[in-house]
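**Student:** Need a 3D model of the sequence below.
(one chain, ligands or ions: 3)
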Amino acid sequence: MPIIRVAINVPVDTLFDYLAPDACITDIGLRVKVPFGKKLITGVIIEIHPDTDVSPEKLKSAEIIFREIPPIAPTLLNLFRFCSDYYHHPLGMVVMNGLPSKFRGLKPIKQQKTSNCYQFNLTDSGRQIDLNSIPVRNRVKRRLFKLLLESNSICNSDVKQLSLRAPKVLNELLAQGLVEERLLPPTYTNLTEEPSIPILTNEQENAVNCITNEFNKFKPWLLHGITGSGKTEVYLRLIALALSQKKQTLILIPEINLTPQLEAIFRTRFPCEWLVSLHSGLNDTERINGWLQAQNGTARIILGTRLAVFTPLPHLGLVIVDEEQDNSFKQQDGLRYSARDIAIFRAKQINVPVVLGSATPSLESYYNAINHKYHSLRLVSRAIKQATLPTIHCIDTRTTKLKEGLSEALINALEQCIAQQQQSLVFINRRGYAPILLCKSCTWTANCQRCSSRLVVHLKEKKLCCHHCGHKEQLPRACPECGDQDIHPFGHGTQRVETALAERFPNARILRIDRDSIRRKDAWQNILKTIQAQEVDILVGTQLLAKGHDFPNLSLVGILNPDSALYSTDFRASERLFIQLMQVSGRAGRAGIAGNVLIQTEFPNHPLYQAIKQHDYDSLAHSLLEERKIAEFPPFVYQVLLRAQSHRIDIALDFLTKAAAIAAAPNKVEVFDPVPAQMSRLKGMERAHLLIQSRSRKLLQAFLTTWQPKLKTLSSRKVRWALDIDPTEI
Ligand code: ADP
Ligand code: ZN
Ligand code: ZN
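**Tutor:** Ligands and ions are numbered 1, 2, ... in the order given. As a prediction, the model looks like this:
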C-alpha cells in the first residue's frame, strides 16, 4: 500500500510517513491532512514509496489529500530541498513556511473567481484572410473580421456590442485558429493612449542588447548603474522580451513601500499583462490568490519582496533582483535565507538569465563581477539628459558650531532651496526625539531592562522607547538614581530635527518620514503623493527615504551625523554607510535641477567621504575589498554563525564552548572562540555566537553536515540555537 512522505511544519529534520491507500505518483506536491500527535495538521506530500521503516502499529493513515489546486511542481520542491540542505534547516519547515499560510489550514483552498475579461486578436493565419473572401451573407463574421483587422485587439465587451451572435462566431474563429484569446488582468483599463516609451540611452541600449543576445540561458548579470541612470527602463525592455516569449518574470525588490510605485510603472507599460505583487502587506486570501495566478501561469509579472522568491513559476523566463545589495533580502530568523542568492539559484535551476541591479552593489556581487563570475553592465550617466550628479560637500562639525544639530551652512542652503521653491531632504538615520536621556549630575542614562540598548526619547508621546524590543515607559520627571530634575535628552533624532526646523522655518511645510510616521496603512502612498504634488518643502527622514524613490523636485540633501558606523565593530558597517549615503545623495538632482549634498561630519577627510564626494564607488569598493582580503572576511571566505541564546550569558557561552570542542573541524575550516553578540541582550535573552569560516564553501558545507547532528546531542532546554549561513549581521 502506498506510503506518502509528508513535509510538516515542525522543527524536526525528517519527513513523516503515512499510509495513503488512494495516493499515486501525481499526488506529490499536494496538500494532505494528517494526524500528528493529538491534532490534525496539514502538510505537503514530498515523496511516495511502496514501503516504510515505521512499524505497522505506529503507522497512521492520512486523513485526506486535497486535490482542488494543482500540486507544487518538482522544480519548486527541488528549490525547497536545496534551501533545506544549504541552510541546514528542516525540510518540512522550509516547505511549509515558503508557501502561503493557507497551505497550513485544514480546509481545501478555494480558488478565487475572477470576472473574466478576454482580449482577442487575429493570429498570423487569421491576418492572411482577405475580407472580401468572406461571403456577404455572413454579415456578423465580416463585421467581426473588420473590427479585428482595424483594431489590434478587442475585448469580450466589444464583441457583445457588435451583435448577439458575435460571441458564437468568435468561438468558431477561435476553434479554427484564426483568432487567439488572452485572459486580461482584473486591473485592465482600456487605455486609449499608448504608453510612452523613451528612447534608450546608449548605455541602456548596450545593456539591453547584451542580455537579449543571451536571453535563453542562465547568466548572472550585474546591472551596475548610478542612481537615476534608468535601470528600471532596462528591466522594462527585458520584461517586454520575456512577455513576447510568453514567459514569466520574477522581480524582487527590497521594500514593500517600493511596490506601489513600481507596480504603477509596470501596469502603465504593460496594461494587458497580468501582474501580481506579493509582499507582507497582503492578507492570506490576497496572497494565495496571487500565488495561484502565478502557479497557473496567468500572472506573467510577479513583483515581490523576499518571500516571493518561493513563488511557483511554471514559465519563468527572467529573474530580476533590484537593489541587490539590500540587507532586507536576508531573512534574520527561522530559515535565514538570502532571497538574492536563492533567486540566482532559481535562474540557474531552469537556465534563465538573472539581473542584479544596483547603484552600489554589495561587495560580494562586485567581487563576483571583477572575477567574471557575474557579467557587469555599467550605466555611468543619468538617463535624463539635464540631470546631473549632485555636488557633495562635507561640513566639518569639529570646527563649525551646530544649533540643534544643524550647521549654518545647511540652514542657508535650506533657506535658498525654499526661496527657489525646491524641495530638500534632511537625513538622519535615527527616529524619535533623542537617542539618550541623561542625568547631568550623576551621568545616569535611561536603558532598556530587556536589551543592551538605550531608551530613545519620544517627546511627542512623552515616552521612552526601546527600538529593539518595543518596550515603552513614561518619561521620568527626575533622575531615578539621584533624584535630580536636571535630566536632558541628548543627541538628535528625526522628531528633534523636525522641531528645530519648524522653529527656524516657521512658514515651510515640513514632513517627517520615519517608521513612526508611516505606521498607518496607505500613509506611505499619501506621503509620496504629497511630495510629488510639491506640497512639502523640507523632508526629514530616515533611510526609509533613501531607497529607490524618484523625487524630481528635490535639489538639496543634508546628512546629519552619519559617523557612528565608521567605528562600528561590524566589518560591514562602512560598506552599509557608504551604500546608504550614495543612495540618499542620489535622491538629489534627478530631474532638471542641479543637486547639492551637505554631509555634517567629524571626519571630513575619511576615505569613505572622499569617495562619496567623487561619486567613486569603485575606488572605495576596491579599498574595502583589500581590507577584507587582509582581514580574511567575506567575500574572501565563507562564514557561518552558530547563534545561541539563553536567559544567562554563561549558559549560552558554555553551549558554544562545548559546540566548538566537538567540532573536530577539518583543515581549512576555522572555528573561532565563542563571544557575546554585539547586541548581547535582546528582549530579555542573552546572546552569543561562534564563528566558523572557510575559503571553501564545499568544505564548510560538508563540515556543517557532520557537525549539526552532534550539536543536537548538546541541546538543552535552556539554550536556543540556530545556524546562520552566510550571515550578514554579526
Ligand atoms: P534608477 O533606477 O537607475 O535610479 P530610474 O529607472 O528611476 O533610475 O530612472 C530615472 C529617471 O530617468 C526616471 O524618471 C525615468 O523615467 C527616466 N528615464 C529612464 N530612461 C530614460 C530614457 N532612456 N530617456 C529618458 N528618460 C529616461
Ligand atoms: Zn542622576
Ligand atoms: Zn528593549
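**Student:** who's in contact with residue 118?
**Tutor:** 155-156, 181-184 (C-beta atoms under 8 Å, 6 or more residues apart in numbering). Any C-beta I mention is one placed from the backbone N, CA and C, and that applies to glycine too.
**Student:** Would you mind giving these as CSV with neighbour count, distance to residue 587 and pLDDT added?
**Tutor:** Below are those laid out as CSV (neighbours: other C-beta atoms under 10 Å; distance: C-beta to C-beta, whole Å; pLDDT from 0 to 100):
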residue, neighbour count, distance to residue 587, pLDDT
155, 17, 41, 80
156, 17, 45, 78
181, 15, 44, 82
182, 15, 39, 77
183, 15, 39, 76
184, 21, 36, 76
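**Student:** Mind checking which of these land in strands?
**Tutor:** The members of the contacts of residue 118 that map onto strands under DSSP state E are 155, 181-183.
**Student:** Tell me if I'm right that residue 583 and residue 326 touch.
**Tutor:** No: with contact defined as C-beta atoms under 8 Å, residue 583 does not count as touching residue 326 (9.7 Å).
**Student:** any residues in contact with both of those two?
**Tutor:** Counting by C-beta under 8 Å, 6+ apart, the shared contacts of residue 583 and residue 326 are residue 547.
**Student:** would residue 690 count as being in a strand?
**Tutor:** Yes: under DSSP: H, G, I helix; E, B strand; the rest coil, residue 690 falls within a strand.
**Student:** my read: it touches residue 653, true?
**Tutor:** No: with contact defined as C-beta under 8 Å, residue 690 does not count as touching residue 653 (9.3 Å).
**Student:** which regions of the stretch 1-150 of the chain sit below the pLDDT cut-off?
**Tutor:** 112-116 (pLDDT under 70).
**Student:** Go through the residues of it and report the one nearest to ligand 2.
**Tutor:** Of all residues in the stretch 1-150 of the chain, the one sitting closest to ligand 2 is residue 11 (46.3 Å; C-beta to the ion).
**Student:** For that residue, which non-adjacent residue is closest in space?
**Tutor:** residue 90 (5.8 Å; C-beta to C-beta, 6 or more residues apart in numbering).
**Student:** Next, count neighbours for the one you found.
**Tutor:** 19 (other C-beta atoms under 10 Å).
**Student:** What score does the residue in the stretch 51-200 of the chain positioned nearest to ligand 1 have for pLDDT?
**Tutor:** Nearest residue of the stretch 51-200 of the chain to ligand 1, counting by C-beta to the nearest ligand atom: residue 198, 3.4 Å away. Here the pLDDT value assigned to residue 198 is 95.
**Student:** What of residue 341?
**Tutor:** pLDDT, read off for residue 341, is 98.
**Student:** didn't it look like it was pressed against residue 726?
**Tutor:** Yes: using C-beta under 8 Å, residue 341 is in contact with residue 726, at 7.2 Å.
**Student:** what residues go with each domain of this protein?
**Tutor:** Annotated domains of the chain cover 3-104, 117-184, 202-379, 391-434+491-626, 638-725 [automatic domain parsing].
**Student:** any idea which of the ones you listed is most buried?
**Tutor:** Neighbour counts (mean count of other C-beta atoms under 10 Å) averaged over each of these peak at domain 202-379, with a mean of 20.
**Student:** Now do the end-to-end distance for that domain.
**Tutor:** From its first residue to its last, domain 202-379 covers 9 Å (C-alpha to C-alpha, to the nearest Å).
**Student:** Distance from that domain to the middle of the chain?
**Tutor:** Distance of domain 202-379 from its chain centroid, counting by C-alpha atoms, centre = their mean, to the nearest Å, is 10 Å.
**Student:** Report the central residue of this structure.
**Tutor:** residue 254 (2.6 Å; C-alpha atoms, centre = their mean).
**Student:** That residue belongs to a strand?
**Tutor:** No: secondary structure of residue 254 (three-state DSSP): coil, not part of a strand.
**Student:** coming back round to it: any residues in contact with both of residue 690 and residue 653?
**Tutor:** 644, 674.
**Student:** Just give me how far the top helix by length along the chain sits from the chain centre.
**Tutor:** Looking across the chain with DSSP state H, the single longest helix is helix 697-714. With C-alpha atoms, centre = their mean as the basis, helix 697-714 stands 29 Å off its chain's centre.
**Student:** helices or strands next to that helix in the packing?
**Tutor:** strand 638-646, helix 649-661, strand 669-671, strand 685-694, strand 720-725 (3 or more C-beta pairs under 8 Å, 6 or more residues apart in numbering; DSSP states H and E).
**Student:** For residue 36, which residues count as its bridge partners?
**Tutor:** Beta-bridge pairing for residue 36 (DSSP bridges): residue 39.
**Student:** list the contacts for it?
**Tutor:** 8, 10, 16.
**Student:** Over to residue 347?
**Tutor:** 218, 220, 319, 353-354.
**Student:** One more: residue 484?
**Tutor:** 439-442, 478.
**Student:** do that again at 7 Å, thanks
**Tutor:** Residues near residue 484 by C-beta atoms under 7 Å, 6 or more residues apart in numbering: 439, 441-442, 478.
**Student:** and it, helix, strand or coil?
**Tutor:** Residue 484 - assigned by three-state DSSP - is coil.
**Student:** what does residue 432 give?
**Tutor:** coil.
**Student:** If I look at it, what pLDDT would I see?
**Tutor:** pLDDT, read off for residue 432, is 95.
**Student:** how near is it to ligand 3?
**Tutor:** 13 Å (C-beta to the ion, to the nearest Å).
**Student:** and what of residue 158?
**Tutor:** In terms of C-beta to the ion, residue 158 sits 61 Å off from ligand 3.
**Student:** now this structure, which segments are flagged as low pLDDT?
**Tutor:** Those would be 112-116, 187-193, 521, 548, 590-592, if you go by pLDDT under 70 across the chain.
**Student:** who in it is up against ligand 2?
**Tutor:** Contacts of the chain with ligand 2, taken as C-beta under 5 Å from the ion, map to 439, 441-442, 444, 479, 481-482, 484.
**Student:** Kindly indicate which of those residues lies nearest residue 211.
**Tutor:** For these, the residue nearest residue 211 by C-beta to C-beta is residue 444; the value is 59.2 Å.
**Student:** From residue 652, how far off is the closest residue to the closest one other than its chain neighbours?
**Tutor:** Take residue 444 and drop its neighbours on the chain: the residue closest to it by C-beta to C-beta, 6+ apart is residue 481, 4.2 Å away. Residue 481 sits 29 Å away from residue 652, going by C-beta to C-beta, to the nearest Å.
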